[in-house]
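Asks: Can you look at this prediction? I've put the sequence above it.
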Amino acid sequence: MEALVGLLVNAGARINDKEKKTPLHAAALRGHLSIVEVLLANKGRAGAKDMDGCTPLHYATMKGNTDIVEVLLASRKNKNIDDRNIWRKTALMGKSSKIESNL
């Protein structure tokens, strides 16, 4: 699957949907760590916000995907971890101690 994602990205596939979610949002939400890594390696924007102001980090923390949270934070492409969505929540606000302990 990672190879397919790489091919699509390299071929110039349109990567945003009508809600401004990127493939990185979808991979973070669904817990696909290897896809997150491929997208980040191919200029995926970890700080991209969807129409609700959520970043991939919001989705990874919402679902408790600690491995993806670590990768997004380590990528240094997500400089604005304090960004708030339309509900005024940061990605790490009120998250489990398991996620917070990995920071």
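Replies: Okay, I see it. Residues are numbered from 1 along each chain as shown.

Asks: Only the buried residues of stretch 27-41, if you could.
Replies: Neighbour-count burial for stretch 27-41 flags Ala27, Ala28, Leu29, His32, Ile35, Val36, Glu37, Val38, Leu39, Leu40 (criterion: 16 or more other Cβ atoms under 10 Å). Where C-beta positions appear, they are placed from N, C-alpha and C, glycine not excepted.

Asks: and that stretch, average pLDDT?
Replies: Here stretch 27-41 scores 93 as its mean pLDDT.

Asks: What ranges does this protein have for its helices?
Replies: For the chain, the helices defined by DSSP state H occupy 2-10, 23-30, 33-41, 56-62, 66-74, 97-101.

Asks: Now that we have those, can you turn them into CSV and tack on distance to Ala48?
Replies: Below are the helices of the chain laid out as CSV (distance: least, Cβ to Cβ, whole Å):
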stretch, distance to Ala48
helix 2-10, 14
helix 23-30, 7
helix 33-41, 10
helix 56-62, 7
helix 66-74, 11
helix 97-101, 20
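
Asks: Identify, out of those, the most deeply packed stretch.
Replies: Counting by mean count of other Cβ atoms under 10 Å, helix 56-62 has the highest mean neighbour count of those, with a mean of 26.

Asks: So which elements touch it?
Replies: If you count contacts as 3 or more Cβ pairs under 8 Å, 6 or more residues apart in numbering; DSSP states H and E, helix 56-62 packs onto helix 23-30, helix 66-74.

Asks: Of all those, which one is nearest Val9?
Replies: helix 23-30 (7.9 Å; Cβ to Cβ).

Asks: Check which helices and strands that closest one sits against.
Replies: Using 3+ Cβ pairs under 8 Å, 6+ apart, the elements in contact with helix 23-30 are helix 33-41, helix 56-62, helix 66-74.

Asks: Low-confidence stretches in the chain?
Replies: Applying pLDDT under 70 to the chain flags residues 1, 5, 8, 12-18, 77-103.

Asks: All set, thanks.
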